[in-house]
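>>> How does the following fold in three dimensions:
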Amino acid sequence: MGRFLGPTLESAGLGHIKLMVLDDNRIFLPKWVDDVMSNAAAAKYVSGVAVHWYTDWFTPPLTLDLTHSRHPQLFILYSEACTGQWPWQPLKVVLGYWPRAESYAANIIEGLEHWSTGWIDWNLALDVKGGPNWVKNNVDAPIIVNASAGEVYKQPMYYTLAHFTKLLLPGSVRVKLSFPSVNYTNILHTAFVRPDNATVVTFLNRDNYSVRIRLHDHRLGSLRLRMEPRSLVSVIWGAPRD
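The predicted structure is shown next:
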């Protein structure tokens, strides 16, 4: 990056392109980034850290925190994620399957709470077998195309991604949300203030029973809501009206 890629882009008038390092699982953090950033020639071309989600189930998000604390000038972006990729998952595409959408939501919220600035699915659309893929690494996707029937199916994962994309505008800033996590270990949450000064709070209920929540903003008062089992819910207030 320091000897070839960065200088080549710069000389071609493309120095504005943001380059990311790693593009692999967070199990390699923060060492990989530490090594790159210790090279002054390479470090000046680095804008961010690209992370995959595949080892997140056994690698704590502390790796993201450490990376941010050591290199706060770099953004962290989840650049690749998909489901149905493991050998023990014989069904690569499962139509209408909520648990996969829930896993997306959980990972997005966890990442946002640990300095991630975005989240990208590996595939926008695949066929009913989870392909095409030249190495037969078929997986699931937010949109499934049934070419023979001339149909397109929006998976639950699509709606999870749409939920966050619609509510969290570019430039939103995460804010602290106090929550009694000791009593609600399966309630994940994150809160943001958007550029239009609206506040967005998102909850994911991973329990099999409904949960009642009292949301309090010291400026405006309180709101009570009931979260259905296995549900993703957002509350937005303070947005300007048209």
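>>> per the record, what domains does this structure have?
For the chain, the structural domains run 5-170, 187-237, going by automatic domain parsing.
>>> any idea of the mean pLDDT for the longest helix anywhere in the chain?
Secondary structure assigned by DSSP state H gives helix 98-112 as the longest helix of the chain. Averaged over helix 98-112, pLDDT sits at 98.
>>> tell me what it is packed against?
Counting contacts by 3 or more C-beta pairs under 8 Å, 6 or more residues apart in numbering; DSSP states H and E, helix 98-112 packs against strand 75-80, strand 116-119, helix 156-167, strand 187-193, strand 199-205, strand 231-237. Just so you know, the C-beta spots here come from the backbone N, C-alpha and C atoms, and that holds for glycine as well.
>>> Tell me which of these sits most buried.
Ranked by average neighbour count under the criterion mean count of other C-beta atoms under 10 Å, those are headed by strand 199-205 at a mean of 22.
>>> That one pairs with which strands?
Here strand 199-205 has these sheet partners by DSSP bridges: strand 187-193 (antiparallel), strand 231-237 (antiparallel).
>>> circling back: for the helices and strands packed on helix 98-112, give me CSV that also has mean pLDDT and distance to Lys176.
Below are those laid out as CSV (pLDDT from 0 to 100; distance: least, C-beta to C-beta, whole Å):
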stretch, mean pLDDT, distance to Lys176
strand 75-80, 98, 19
strand 116-119, 98, 17
helix 156-167, 98, 18
strand 187-193, 95, 7
strand 199-205, 96, 11
strand 231-237, 95, 16
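>>> For Leu177, find the nearest of the domains of the chain.
Leu177 lies closest to domain 187-237 among those, at 4.0 Å (C-beta to C-beta).
>>> Contact partners for the closest residue to Ile120 other than its chain neighbours?
Spatial nearest neighbour of Ile120, excluding adjacent residues (C-beta to C-beta, 6 or more residues apart in numbering): Ser79 at 5.4 Å. Ser79 sits next to 20, 23, 50-52, 120 when contact means C-beta atoms under 8 Å, 6 or more residues apart in numbering.
>>> What's the separation between Ser79 and Gly48?
9 Å (C-beta to C-beta, to the nearest Å).
>>> angle of the helix or strand harbouring Asp65 against helix 98-112?
According to DSSP states H and E, Asp65 maps onto helix 62-70. Put simply, helix 62-70 runs at 30 degrees to helix 98-112, going by axes from the mean of the first three to the mean of the last three C-alpha atoms, to 10 degrees.
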